[in-house]
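J.: coords please:
(4 chains)
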Number of protein chains: 2
Amino acid sequence: MRTHELVLQWIEKQLSDGDLALGGRLPGERAMAEQLKVSRTSVREAVRILEAMGVVRAGVGSGKDAGTVVIAEPGSALGSTLRLHVATRHLPVADIVETRVLLESWAAERAQVGVPELEEAAELLDRMDVAPDIDTFLALDARFHVALAQAAGNAVVSAMMASLRGAIENYAGELTGNLPDWNATSSRLRAEHRAILAAVNNHDGGKAAELVAAHIQGFYKEAGVGANPSPS
Amino acid sequence: MRTHELVLQWIEKQLSDGDLALGGRLPGERAMAEQLKVSRTSVREAVRILEAMGVVRAGVGSGKDAGTVVIAEPGSALGSTLRLHVATRHLPVADIVETRVLLESWAAERAQVGVPELEEAAELLDRMDVAPDIDTFLALDARFHVALAQAAGNAVVSAMMASLRGAIENYAGELTGNLPDWNATSSRLRAEHRAILAAVNNHDGGKAAELVAAHIQGFYKEAGVGANPSPS
DNA sequence: CTTACCACTGTGGTCTAACCACACTGTAAT
DNA sequence: ATTACAGTGTGGTTAGACCACAGTGGTAAG
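T.: Reported below is the predicted structural model:
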């Protein structure tokens, strides 16, 4: 077993045993190295992996943002991993979109009415109406979909759904600017969002799921993703 | 931007541009360091991250297993990430199981009849009938479920499904040994497997999906996962 | 007493240079 | 022809140094 894996194992055990909790700080790299009788290099390699997994965040200096802190951001980590695999041509973009439709439909159907996430989703829709540019709009759009997914109460589904979107963010983003009429697209998307939210609040999960599926598929289809897997 | 992220970016570009394909070799660590004008340390940190993502595999010595080779194993990588987040208590085991049911039901419903994966699945069932011990049985069981998921033709769903199982493998494995009557459980599982496969081959996707959902939920329920989230 | 400055401390980030184990390759001795 | 072995290039690991950064606390100037 390689040295950095030993360090990983040790840290994972600390987490499993509860000796290290969310928001907690890992010992300094030099301290860990001495404690585990390994070099600082090996400790750092382990920390890098955990960072890539979204399990810790490393910060220099001193104060609250300093040191290596335990966080919980599986979404961005999974997204990076998927993005790399898309780059290797092993994961087709069409499969990413299809899976996103699957997860998000499921979440929409099971969204709990009255949870804070839905209120946040409604607020995000209002802000999207006055978004000054496309990037702002897309950022709010991402948060809306995540909030909707979170309303279903399954953290794994939420994380995966967010990661799927993130994995093809740039890919789809490039094509968004080439849409024939962004204002028209924006209006349609916003109307669809409100219809989805209305269906959820009306306890019509089935309809919400259908609308979400159509919404996502329509967007990617219009952007040309999936239909043209080799844009270069 | 940190140095190792620069290296990551460079490698990702090589992949995106097709200059580096699946099965291809990265330049040696020393060569990359010189080419990118960074230290070997930074190169190694980047390689570690890619390795954790299941994008590359590093091997010492010389010959076919040597060097850093581009692979495509998102399943194990995602599984490790999820396992760590389960350790931080951020991802409940119940959510993992629920998501697995979701993905696997979907896959069972859309499994293509006649693809090689289904033949492999059938063969795995025969081997499970004569499995000498629990570990062998569970290993074959895992491969059966993966093969079934692959028959649906969505690489992302297959990878995620495999990773979900892997994330709680040890967790569930500990409890498996404590089952009251393993022979009875084994017989039941094998019968359910054959019923699922029969439904798929009979073009009854709906029934296959139902059977898969019941199969998975039944197993974890019997093993005590989800009902007792704090086994320690 | 208040304020501004500044050395101090501990954090992660980076680099260099060396050595190791490993697995194959070519060559030389048998 | 076979065997033994030095050579080569790979990743794995280590030690030690220096950097930028951000708070802390003491100290000198006002």
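J.: List the contacts of A:Asp129.
T.: A:Arg190 (C-beta atoms under 8 Å, 6 or more residues apart in numbering or on different chains). All C-beta spots, glycine's among them, are computed from the backbone N, C-alpha and C.
J.: Next, find the distance separating it from B:Trp106.
T.: 34 Å (C-beta to C-beta, to the nearest Å).
J.: and what of A:Leu91?
T.: Taken as C-beta to C-beta, the span from A:Leu91 to B:Trp106 is 17 Å.
J.: Pretty sure A:Glu109 sits against A:Lys207.
T.: No - contact between A:Glu109 and A:Lys207 fails when scored by C-beta atoms under 8 Å: they sit 9.1 Å apart.
J.: What strand or helix carries the residue nearest to the spatial centre of chain A?
T.: Central residue of chain A (C-alpha atoms, centre = their mean): A:Ala162, 2.8 Å from the mean position. Taking DSSP states H and E as the definition, one finds A:Ala162 inside helix A:155-167.
J.: contacts for the helix or strand of chain A with the lowest mean pLDDT?
T.: Least confident helix or strand of chain A, by mean pLDDT, DSSP states H and E, is helix A:169-176 with a mean of 83. Residues outside helix A:169-176 that contact it (C-beta under 8 Å, 6+ apart): A:79, A:83, A:86, A:93, A:134, A:138, A:142, A:182, A:220, A:223-225, A:231.
J.: Next, the angle helix A:155-167 makes with it.
T.: 50 degrees (axes from the mean of the first three to the mean of the last three C-alpha atoms, to 10 degrees).
J.: okay, helix A:169-176 in PDB with CA atoms only?
T.: Written as PDB, here are the backbone C-alpha positions of helix A:169-176 (Å, rounded to 0.1, in the frame of the first residue of the first chain):
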ATOM      1  CA  GLU A 169     -21.800  23.400 -17.900                       C
ATOM      2  CA  ASN A 170     -19.100  24.700 -20.100                       C
ATOM      3  CA  TYR A 171     -20.000  22.400 -22.900                       C
ATOM      4  CA  ALA A 172     -23.600  23.700 -23.000                       C
ATOM      5  CA  GLY A 173     -22.600  27.200 -22.100                       C
ATOM      6  CA  GLU A 174     -20.700  27.700 -25.300                       C
ATOM      7  CA  LEU A 175     -23.700  26.800 -27.300                       C
ATOM      8  CA  THR A 176     -26.100  29.000 -25.300                       C
END
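J.: any low-confidence regions in chain A?
T.: For chain A, applying pLDDT under 70 flags the ranges A:226-232.
J.: change it to 50
T.: A:228-232 (pLDDT under 50).
J.: can you give me the helices for it?
T.: Counting by DSSP state H, residue ranges of the helices within chain A are A:3-16, A:29-36, A:40-52, A:74-87, A:93-110, A:116-129, A:134-150, A:155-167, A:169-176, A:182-201, A:205-223.
J.: Columns distance to B:Glu169 on top of those, output as CSV?
T.: What follows is the helices of chain A, written out as CSV (distance: least, C-beta to C-beta, whole Å):
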stretch, distance to B:Glu169
helix A:3-16, 14
helix A:29-36, 26
helix A:40-52, 19
helix A:74-87, 18
helix A:93-110, 22
helix A:116-129, 31
helix A:134-150, 26
helix A:155-167, 15
helix A:169-176, 31
helix A:182-201, 35
helix A:205-223, 31
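J.: Quick one: those helices as JSON lines, columns for distance to DNA strand C too.
T.: Putting the helices of chain A into JSON lines (distance: least, C-beta to the nearest atom of the strand, whole Å) gives the following:
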{"stretch": "helix A:3-16", "distance to DNA strand C": "12"}
{"stretch": "helix A:29-36", "distance to DNA strand C": "4"}
{"stretch": "helix A:40-52", "distance to DNA strand C": "6"}
{"stretch": "helix A:74-87", "distance to DNA strand C": "16"}
{"stretch": "helix A:93-110", "distance to DNA strand C": "30"}
{"stretch": "helix A:116-129", "distance to DNA strand C": "32"}
{"stretch": "helix A:134-150", "distance to DNA strand C": "26"}
{"stretch": "helix A:155-167", "distance to DNA strand C": "21"}
{"stretch": "helix A:169-176", "distance to DNA strand C": "23"}
{"stretch": "helix A:182-201", "distance to DNA strand C": "38"}
{"stretch": "helix A:205-223", "distance to DNA strand C": "35"}
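J.: Tell me which of the ones you listed lies nearest to B:Gly18.
T.: B:Gly18 lies closest to helix A:74-87 among the helices of chain A, at 9.5 Å (C-beta to C-beta).
J.: Dump the closest one to CSV, keeping only the CA atoms.
T.: Output of helix A:74-87 as CSV, limited to C-alpha atoms (Å, rounded to 0.1, in the frame of the first residue of the first chain):
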residue,chain,number,x,y,z
PRO,A,74,-19.8,16.2,-3.1
GLY,A,75,-21.5,18.0,-5.9
SER,A,76,-18.6,19.9,-7.3
ALA,A,77,-16.3,17.0,-6.8
LEU,A,78,-18.5,14.6,-8.6
GLY,A,79,-19.0,17.2,-11.3
SER,A,80,-15.3,17.5,-12.0
THR,A,81,-14.9,13.8,-12.2
LEU,A,82,-17.7,13.4,-14.7
ARG,A,83,-16.3,16.3,-16.7
LEU,A,84,-13.0,14.6,-17.0
HIS,A,85,-14.6,11.4,-18.1
VAL,A,86,-16.6,13.2,-20.7
ALA,A,87,-13.3,14.6,-21.9
